[in-house]
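*Asks:* Okay, here's the prediction I keep looking at, along with the sequence it came from:
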Amino acid sequence: MSDEKPTEKVWEYDCNFTFNDQSIVKFTITDHYQIKHSPVINNDLIGEIVNTLENQDLDPEPKKENISRDVFVWELIHYNNKKYRLVFWFKDGATNHLWIRNCYPID
């Protein structure tokens, strides 16, 4: 029996938009969303939702114990008449690369 965790699959995309007054040139999507949401979410949809962050200013969520990074939750995104929640942060302290952890529909 192995104690190794499965490797997280990621996809990296080029982009060009401004979020929180920062020029964003890349975003990475992790496969975390596929655990529960793959029937209704895919990388193309996440990319389209990420692009809705253009010119948005968003405060990070209040920090939780043992989390040192600023986590952003973009809620109630109306895209194609549906609402979504996007959970992301800046990758490894970068200011131009977003790390997309999760995306899912909400009621």
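*Replies:* Great, that's in hand.
*Asks:* Can you tell me the element the nearest residue to residue 60 once chain neighbours are set aside falls in?
*Replies:* Taking CB to CB, 6 or more residues apart in numbering, and ignoring the residues beside it in sequence, residue 60 has residue 70 as its nearest neighbour in space, at 3.6 Å. Every residue, glycine included, has its C-beta placed from N, CA and C. Here residue 70, judged by DSSP states H and E, is contained in no helix and no strand.
*Asks:* Count the residues that sit near residue 70.
*Replies:* Using other CB atoms under 10 Å, residue 70 is surrounded by 13 other residues.
*Asks:* Also residue 32?
*Replies:* 16.
*Asks:* now do the same end-to-end measure for stretch 53-71.
*Replies:* This stretch, stretch 53-71, spans 15 Å end to end (CA to CA, to the nearest Å).
*Asks:* Which parts of it count as buried, going by neighbours?
*Replies:* Neighbour counts over stretch 53-71 (16 or more other CB atoms under 10 Å) mark 53, 71 as buried.
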